[in-house]
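In: need the 3D shape of this:
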Amino acid sequence: MAVDARIAALVFLSALSSALSAPLFAGDAASGPSGSAESLEQDFLDTSSVGYQYEIGEDGNPVYTQTLSWDGDPYALEYEVVVLDAAGTELLRSRQEGTSLALSLPPGEYSYNIVTVNLLGQSEVETGFQQLSILRAEMPEVQDLSPGFIFMDSFNAFVTVKGQRIQEGARVMLRKKDAKPGRGIVGIEQERVGESEVVVRFPEEAYVPGTFDISVVNPGGLYINRPQAIRILYQRPVDILLSAGYAPVYLAGDSWFTEVWSDQTYFLGADTAFSLYFMKKAWGFLGFGFDSSAHRLTGGLDMAEVASDYLVSNMTLLYKYRVNKTVHLQARAGGGVSVSSHAFDYSGSPGPVEEFSSPCVSGGLAAQVFLPKRIHLEIGADWVQVFQGENAAGFLRPVLRAGYRLF
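Out: As a prediction, the model looks like this:
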């Protein structure tokens, strides 16, 4: 006989052995479930096999009992139930026809064995002693919850719940306003700080537009509900990104520039960028940006050496195509100004320092990879054309940036 025994109470929880306990989700808890949001919902408490009872004791306080229940065997005359404490001392031995037994156990570690007795009065099948933990349940308290908004066009959001008495094993449940009473989708715990803070991630299928409650259910069954705690929207109205990184430069022209700065490839460079996307459609995002890069070039002719610093700043129009929530492709084009400073040296004798401001145009492509907690990485390349007098310098500028989404 396959016996599925469970035990619980309003103030005490019986956590059965892992062989008998139900998984967190119908799918693999590590990788997350698949299916619709409705299929992910589960009850706060499985009342099909758990009973809740209490009575007022002589001291005026409630005395709670737990109900141990199991699947019946049609060929069993009766059942014998034995309960031991952690030291192996027998606390209870009961022989009965029914498939449930009321207990009143204080918090602690126990084990139990259920034996079927056949029509001949002989012991037949038994479960073997199963571990049983009775934990004192506490009412959780939620003091803060973030974020208040989750956008479906973003990387899967984490939800942080702060409060008190959020016990190990507590379930943080996402509940739509019109969901059936007592049902919700359980988040997968990512981080925990004692009993005061827990960070969870909900499966992607749970994110559908609407207003949701958040419920925190402690292992003992006591729970608190935070109504209308989170709104899930299709997308943010705007995206604001800030990034910075490394930007070497390859000097591609014209001949006067490549003759003076003959190394052509210069590895000392840095870049920053600001992006704002204000139009977000299925075919892509449109916006504008500002980027600025600094480069050090060294070169010279004959007996003269020159050390040059370039600061190139551009305003750009931006187009971005979302391959998926994680990978985006970006194209940009614009123009701005190049400010350069040139320090000359003639055989060890310092010469004059000349400064120039010149117009420039630029264009580029990049791939962005979005990570959790608003972080993204970007790799790409720009072409910058600097017009300096009668000459025009062409800069091929690879960029490797790390960024943060401000909004």
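In: the helix or strand S313 falls within pairs with which strands, parallel or anti?
Out: For S313, the element it lies in under DSSP states H and E is strand 304-322. As defined by DSSP bridges, the strand partners of strand 304-322 come to strand 284-301 (antiparallel), strand 327-346 (antiparallel).
In: now tabulate the ones you listed in TSV and tack on mean neighbour count.
Out: Quick note: C-beta positions are derived from backbone N, CA and C, even for glycine. What follows is these, written out as TSV (neighbours: other C-beta atoms under 10 Å):
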stretch	mean neighbour count
strand 284-301	18
strand 327-346	17
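In: low-confidence ranges in the protein?
Out: Along the chain, the model assigns pLDDT under 70 to residues 1-64, 135, 137, 154-156, 180-182.
In: which residues are in contact with the most centrally placed residue in it?
Out: The centroid of the chain falls nearest to F158 when counting by C-alpha atoms, centre = their mean (3.7 Å). Contacts for F158 (C-beta atoms under 8 Å, 6 or more residues apart in numbering) come out as Q190, V199, V200, R201, P372, K373.
In: buried ones among these?
Out: Neighbour counting with 16 or more other C-beta atoms under 10 Å marks V199, V200, R201 as buried within the contacts of F158.
In: nearest spatial neighbour of the first one, chain-adjacent residues omitted?
Out: Spelled out, it's V199. Leaving out its chain neighbours, the residue that sits closest to V199 by C-beta to C-beta, 6 or more residues apart in numbering is E191, at 4.1 Å.
In: surely that neighbour is within a strand?
Out: Yes - looking at E191 with DSSP: H, G, I helix; E, B strand; the rest coil, it is inside a strand.
In: distance-wise, check it relative to V198.
Out: Per C-beta to C-beta, to the nearest Å, E191 is found 7 Å from V198.
In: hang on, the earlier thing: is the residue nearest to the centre of the chain in a bridge, and if so with what?
Out: R201.
In: related to what we said a few turns ago, which of the strands paired with strand 304-322 sits closest to Y246?
Out: strand 284-301 (10.0 Å; C-beta to C-beta).
In: distance from the chain centre to stretch 367-378, please.
Out: With C-alpha atoms, centre = their mean, to the nearest Å as the basis, stretch 367-378 stands 13 Å off its chain's centre.
In: my read is E205 is in a strand, agree?
Out: No - under three-state DSSP, E205 falls outside any strand and is assigned helix.
In: what's the burial count for it?
Out: A count of neighbours around E205, defined by other C-beta atoms under 10 Å, yields 16.
In: same check on W283?
Out: Around W283 there are 8 residues (other C-beta under 10 Å).
In: could you report the distance from the nearest residue to it once chain neighbours are set aside to V386?
Out: Excluding its sequence neighbours, the residue lying closest to W283 (C-beta to C-beta, 6+ apart) is Y321, at 7.8 Å. Note on Y321: its distance to V386, by C-beta to C-beta, is 29 Å.
In: buried sites along stretch 121-138?
Out: T127, F129, Q130, Q131, L132, S133, I134, L135, A137, E138.
In: re the thing from before, Y321 and V386: which is more packed in?
Out: V386 (22 against 12).
In: list the contacts of M279.
Out: Contacts of M279 by C-beta under 8 Å, 6+ apart are F285, L286, G287.
In: is the last one bridged to anything, and to what?
Out: What that stands for is G287. Here G287, judged by DSSP bridges, has bridge partners Y277, L318.
In: if I look at it, how far off is E378?
Out: Distance of G287 to E378, given as C-beta to C-beta: 15 Å.
In: which residue ranges of the stretch 101-250 of the chain form strands?
Out: Assigned by DSSP state E, counting those that start in this stretch, the strands in the stretch 101-250 of the chain fall at 108-117, 123-126, 130-136, 141-146, 149-151, 158-164, 171-176, 183-186, 188-193, 197-201, 210-217, 223-233, 239-246, 249-253.
In: strand partners (parallel or antiparallel) of the shortest one?
Out: Neighbouring strands of strand 149-151 in its sheet, by DSSP bridges, are strand 223-233 (parallel).
In: export the strand it pairs with as CSV, just CAs?
Out: Extracted in CSV, the C-alpha atoms of strand 223-233 (Å, rounded to 0.1, in the frame of the first residue of the first chain):
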residue,chain,number,x,y,z
TYR,A,223,0.2,34.2,6.3
ILE,A,224,-0.2,37.8,5.5
ASN,A,225,-1.5,39.4,2.4
ARG,A,226,-0.2,42.7,0.9
PRO,A,227,-3.1,43.8,-1.4
GLN,A,228,-2.3,45.5,-4.8
ALA,A,229,1.4,45.3,-4.1
ILE,A,230,2.7,45.0,-7.7
ARG,A,231,1.5,46.1,-11.1
ILE,A,232,2.8,44.3,-14.1
LEU,A,233,2.8,46.3,-17.3
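In: report the angle between that strand and strand 141-146.
Out: 10 degrees (axes from the mean of the first three to the mean of the last three C-alpha atoms, to 10 degrees).
In: who's in contact with E109?
Out: E109 is in contact with D85, A86, Q131, L132, S133, I134, counting by C-beta under 8 Å, 6+ apart.
In: and with 6 Å instead?
Out: With contact taken as C-beta atoms under 6 Å, 6 or more residues apart in numbering, E109 is in contact with A86, S133.
In: list the beta-bridge partners for it.
Out: S133.
In: for A244, see how far away it is.
Out: Per C-beta to C-beta, E109 is found 55 Å from A244.
In: same deal with G284?
Out: For G284, the distance to A244 - C-beta to C-beta - is 25 Å.
In: so how far is the helix of greatest length in the chain off the chain centroid?
Out: In terms of residue count, the longest helix belonging to the chain (DSSP state H) is helix 255-260. Between the centre of helix 255-260 and the centre of its chain there are 51 Å (C-alpha atoms, centre = their mean).
In: what's it in contact with?
Out: L251, Q264, G299, L301, N391, A393.
In: I am finished for the moment; much appreciated.
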